[in-house]
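Novice: everything below, folded, please.
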Amino acid sequence: MSASLNKKALGQFCLADAVTLCNAAAGSASIFGALKYVVTQNLWYLHALICDILDGRVARWSGTASFFGQELDSLADVISFGVAPAVLGFTVGLQGLVDLVILLILST
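Specialist: As a prediction, the model looks like this:
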């Protein structure tokens, strides 16, 4: 029974989902880049932003919008535009109590 569910989930995967995964990959690279080198961080944000713009357009263009794609897009947005800026702020030096409150406000 689980094999049929996996085939159904993979059957919904389309080009727009691949672009969304690029968005999530750019967000993850942004997090790792912020932890290692703060300077290279901004290029990954730009890549994530471009992929975020393109995934919806590709889904509308191809007519393959799905519930799976919407949820995947939400997850990618949380990674790229929620967690990654908070990690960047933490690595820059926002580590005090007031800074923690600022990070919590900015990440919501």
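Novice: what's stretch 96-105 in contact with?
Specialist: Ala86, Gly89, Phe90, Gly93, Leu94 (CB atoms under 8 Å, 6 or more residues apart in numbering). Bear in mind the C-beta positions are built from the backbone N, C-alpha and C, glycine included.
Novice: weed out the non-buried ones from the residues you listed.
Specialist: Those of the contacts of stretch 96-105 that meet the buried threshold are Ala86, Gly89, Leu94, by 16 or more other CB atoms under 10 Å.
Novice: next up, the contacts around the residue nearest to Ala65 when sequence neighbours are not counted.
Specialist: Ranked by CB to CB, 6 or more residues apart in numbering and with sequence neighbours excluded, the top spatial neighbour of Ala65 is Ala59, at 4.4 Å. Contacts for Ala59 (CB under 8 Å, 6+ apart) come out as Cys14, Ala16, Ala65, Gly69.
Novice: and the third one, how far is that from Leu15?
Specialist: Read that as Ala65. Distance, Ala65 to Leu15, by CB to CB, to the nearest Å: 11 Å.
Novice: ok, now the last one?
Specialist: Distance of Gly69 to Leu15, given as CB to CB: 10 Å.
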